[in-house]
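Enquirer: sequence plus the predicted model coming up.
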Amino acid sequence: MKLLSLTLLLSGWIPNPFFPHPVRGQARDPLVYGPPLEPVHYYYDGWPTGIAVSSTGRMFSNYPIGLDANDTKYQVAELTGNTTETPYPSAEMNSPPGGPINYTTNPMVSCLIPDLDISLTKVQTSANYRDYLIGVQSVVIDPKDRLWILDTGRVSLPDGTLLLSSYGGPKLIGVDLASNTVFKTILFPPNVSYPDSVRTNQTIKLRKVEGASLTPSTQYNNDIRFDLRPNITESGEGIAYITDSSNEGRNGIIVVDLGTGESWRHLDNLLWVHPEPGFYLTIWGEPVYFALGSDGITLSADGETLYWTVVSGRYLYSVPTARLREHTSPTAQLLAAASVTRLTQKGVSDGLESDSNDYVYCGSFETNSINVYFPQNGTVATFVRDPRIEWTDTMSVVSLRNSSSEDSSGSGSSRGYLYFTENQLWRIPKVQGGVDRRAKPFTLYRVPLPDGGGKIQLT
């Protein structure tokens, strides 16, 4: 009888006198903090990473086939309704002839080149069209309200294999929102888009792009920020800073002169751009093992400091942008590396963003939060918290111009918002052993910025 009573007690069938039910007033986690989330868009078709919002409220997202082989409908779209999207800048640009895979090198085959007396294995590659979108990882609105599209040039196969890129695939595309047309395309040369030294050390011929004979690359362009101040380059058109998050090649920072199209690398393979060894995190109570290096990136309000983070780590890093812009002197690489500062722990983050108050916003997956770092005193605080926050992929700060209905004074004032995508990236097949655990819809949210913050205007 005593054994039966103990069994019933432990099973919960009878009340436990030693552990009564929670009493009124007992402390518990409130789960939410800060401004309430405002859902802006629900994604039912593609799986998004990036979000870019113009000052007039136009919204754009990208859907990287490099991470999700099912993202084949389009790589970039304008969000035209609560649940609807339209390929952007055109359906044609989102439809490379023959698809995003270069079938001249697929499947892998061996061949003999008699003139050189060498045997060469052709490796699988993504397509290398410069005028079509291949595998877009990020979209960003610059301080002049222009859309930039960052193409990795890389595609995943249904079995999860991430194909290498080839020259013409990895690129940066500028789009004029007034005319919805491309005004600039910048390609990354082999000394920036590094060849895949593991699988081949020979140059192979792919589809000809400007007569080039080229080598496949493991570069993975991830996120990007812009400084358009005319005095920082001789061209006067500004600089772009890009993270390379490749987990096969070299992590690092890529710098682009937007006027000349020249690009160069910094901080290659240093400790601060690599994932922390043995790192794991928990989201919604589940352990996640995911090794990814330099990813999130943003600029200080004055443009003089670059911040970045690795996904597989909890620290925020910084470096003076002047060190990154310098690349011609023999000590440029050394001085840039010596100028890196490990600032503080800020939670596990993907994307970063900053505002005109010089606040730096960082995701915090493990606490279902977005945190804010204050450079003025080096502290971190919770900005917004909600159980719906899980993997904050990309954030976009925008100063929305008030419409006449919102601003009867006609003063042309604006209000700052932080837009961000929640996309369950930690549940994609690449992370979950081939099992897709995501649940649609994926969601775009926004919250108002604190203290009158808005978009940084580096022009």
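Expert: Happy to help now that I have it.
Enquirer: strands of the stretch 201-350 of the chain, start to end?
Expert: Assigned by DSSP state E, counting those that start in this stretch, the stretch 201-350 of the chain shows strands spanning 221-227, 239-244, 252-257, 263-266, 281-283, 286-288, 294-299, 305-310, 315-320, 341-345.
Enquirer: residues near Asp45, how many?
Expert: Neighbour count of Asp45, defined by other CB atoms under 10 Å: 16. (Each C-beta comes from the backbone N, C-alpha and C, glycine too.)
Enquirer: who touches it in this structure?
Expert: Applying CB atoms under 8 Å, 6 or more residues apart in numbering to Asp45 gives the contacts 73, 85.
Enquirer: quick one: the strands of the stretch 201-350 of the chain as TSV, columns for mean pLDDT and distance to Ser329 too.
Expert: Conversion of the strands of the stretch 201-350 of the chain to TSV gives the following (pLDDT from 0 to 100; distance: least, CB to CB, whole Å):
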stretch	mean pLDDT	distance to Ser329
strand 221-227	95	20
strand 239-244	96	17
strand 252-257	96	14
strand 263-266	96	12
strand 281-283	94	39
strand 286-288	92	42
strand 294-299	93	23
strand 305-310	96	19
strand 315-320	98	15
strand 341-345	97	21
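Enquirer: to Leu187, which of those strands lies closest?
Expert: The closest of the strands of the stretch 201-350 of the chain to Leu187 is strand 263-266. By CB to CB, the value is 8.9 Å.
Enquirer: where does the stretch 101-250 of the chain dip in pLDDT?
Expert: Filtered on pLDDT under 70, the stretch 101-250 of the chain yields the residue ranges 105-124, 195-215, 249.
Enquirer: just the helices in it please.
Expert: Using DSSP state H, counting those that start in this stretch, no helices are assigned anywhere in the stretch 101-250 of the chain.
Enquirer: quick check: which of the strands of the stretch 201-350 of the chain is nearest to Lys144?
Expert: Ranking these by distance to Lys144, with CB to CB as the measure, places strand 221-227 first at 8.7 Å.
Enquirer: residue contacts, the closest residue to Thr83 other than its chain neighbours?
Expert: Taking CB to CB, 6 or more residues apart in numbering as the measure, Thr83 lies nearest to Tyr42, with 5.0 Å between them; neighbours along the chain are not counted. Contacts of Tyr42 were listed using CB under 8 Å, 6+ apart, and they are 82-83, 441-444.
Enquirer: next: Thr86.
Expert: Contacts for Thr86 were tallied using CB under 8 Å, 6+ apart; they are 77-78, 80.
Enquirer: and Leu444, bridged to which residues?
Expert: On the basis of DSSP bridges, Leu444 is bridged to His41, Thr421.
Enquirer: neighbours of the spatially closest residue to Met59 that is not a sequence neighbour, just the number please.
Expert: Sequence neighbours aside, Leu79 is the residue nearest to Met59 in space, at 4.1 Å (criterion: CB to CB, 6+ apart). A count of nearby residues for Leu79, using other CB under 10 Å, gives 22.
Enquirer: for the spatially most central residue of the chain, give its distance to Asp436.
Expert: With distances taken as CA atoms, centre = their mean, the residue of the chain nearest its centroid is Asp223 (4.4 Å). With distances taken as CB to CB, to the nearest Å, Asp223 is found 24 Å from Asp436.
Enquirer: re the thing from before, buried subset of the contacts of Thr86?
Expert: With burial judged by 16 or more other CB atoms under 10 Å, the buried subset of these is 77-78.
Enquirer: for the contacts of Thr86, which one is nearest Leu187?
Expert: When those are compared for distance to Leu187 (CB to CB), Ala77 wins out at 23.5 Å.
Enquirer: tell me what the residue nearest to Met59 is bridged to.
Expert: Residues in a beta bridge with Leu79, per DSSP bridges, are Glu85.
Enquirer: verify the stated contact: it with Pro48.
Expert: No - with contact taken as CB atoms under 8 Å, Leu79 and Pro48 are classed as non-touching, separated by 9.3 Å.
Enquirer: what's the overlap in contacts for those two?
Expert: Applying CB under 8 Å, 6+ apart, one finds that Leu79 and Pro48 are jointly contacted by 61, 444.
Enquirer: low-confidence ranges, the stretch 301-450 of the chain, go.
Expert: By pLDDT under 70, the weakly predicted segments of the stretch 301-450 of the chain are 403-412.
Enquirer: ranges for the helices of it?
Expert: 321-325, 332-338.
Enquirer: and among the ones you listed, the most buried is which?
Expert: Ranked by mean neighbour count under mean count of other CB atoms under 10 Å, the helices of the stretch 301-450 of the chain are led by helix 321-325, which reaches a mean of 19.
Enquirer: quick one: contacts of that one?
Expert: 227, 232-233, 239, 241, 253, 255, 266, 299, 303-306, 332, 335-336, 339.
Enquirer: related to what we said a few turns ago, contacting residues for the residue nearest to Met59?
Expert: Counting by CB under 8 Å, 6+ apart, the residues that Leu79 touches are 41, 59-61, 85, 444.
Enquirer: what do you get if the cut-off is 6 Å, keeping everything else the same?
Expert: Listed by CB atoms under 6 Å, 6 or more residues apart in numbering, the contact set of Leu79 reads 41, 59, 85.
Enquirer: can I get these in a markdown table with distance to Glu326?
Expert: Supplementary listing: those in a markdown table, determined by distance: CB to CB, whole Å:
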| residue | distance to Glu326 |
| --- | --- |
| His41 | 41 |
| Met59 | 36 |
| Glu85 | 41 |
